Structures are given as C-alpha cells and as structure tokens.
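S.K.: got a predicted structure plus its sequence, pasted below:
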Amino acid sequence: MSALFNFTSLLQVILLLICSSTYIHSQWPSFLDRYKDQSVLGAFWKLARIGERASPYVSLACIIMAVNQFNS
C-alpha cells in the first residue's frame, strides 16, 4: 500500500523528511537557504525550520514511531 493512503506511513515519511531536511540544513546551511523562496525546494527549507524549532517534539515523535514500528 502506498504511504499516502496509510496514515502511520504518511507520518513516518513526514518525520523522515523533517529529520533529513534539518540534518542537511545543519551541515550545509547555504544549500537550503538559497532555495527558500522557491516553491518546491522551499518546502525542504520549511521542513528544516520545523525541525529546528520543534526539535523536542519531533524527537519525541520519532521515538514513538520507532516503538510503534518495533511493536508491529
């Protein structure tokens, strides 16, 4: 089944995108900053910003998803 139709898989994909974008932005900040005003690549800059500002909640969500993945 596609990740778009399964809610837990969709959440995992979104969390993976947030964590990956935040990591890329922390390693190479200019890479995402030059695309922040564009529509498609600007979404990754916005995901990185979410990961930076809400990092305790994102990490808690990652832990919950990991436990959920181990239990299923």
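M.R.: Arrived safely, thanks for sending. Numbering: from 1, shown residues only.
S.K.: helices of the protein, start to end?
M.R.: 7-27, 29-33, 39-53, 55-71 (DSSP state H).
S.K.: so who does Ile63 touch?
M.R.: By Cβ atoms under 8 Å, 6 or more residues apart in numbering, Ile63 lies in contact with nothing. C-beta: built from backbone N, CA, C; applies to glycine.
S.K.: from here on, call the first residue 759.
M.R.: With the count now opening at 759, the last piece we talked about shows up as Ile821.
S.K.: distance check, it against Phe763.
M.R.: Plainly put, Ile821 is 25 Å away from Phe763 if you go by Cβ to Cβ, to the nearest Å.
S.K.: flag the shaky bits of the protein, pLDDT-wise.
M.R.: Low-confidence segments of the chain (pLDDT under 70): 759-762.
S.K.: find the residue at the geometric middle of it.
M.R.: Nearest to the geometric centre of the chain sits Ile776, at 1.3 Å (Cα atoms, centre = their mean).
S.K.: centre of the chain to stretch 816-823, how far?
M.R.: Centre-to-centre, stretch 816-823 and its host chain are 11 Å apart (Cα atoms, centre = their mean, to the nearest Å).
S.K.: got the buried residues for it?
M.R.: Val816, Ala819 (16 or more other Cβ atoms under 10 Å).
S.K.: could you do stretch 764-777 as well?
M.R.: Here stretch 764-777 shows Gln770, Leu773, Leu775, Ile776, Cys777 as buried, counting by 16+ other Cβ under 10 Å.
S.K.: would you agree the first one is in contact with Ile822?
M.R.: No: contact status for Gln770 versus Ile822: not in contact, 10.7 Å apart, counting by Cβ atoms under 8 Å.
S.K.: next, count neighbours for Pro793.
M.R.: I think there's a mix-up here, since residue 793 is Tyr and not Pro. By the measure other Cβ atoms under 10 Å, the count of residues near Tyr793 is 15.
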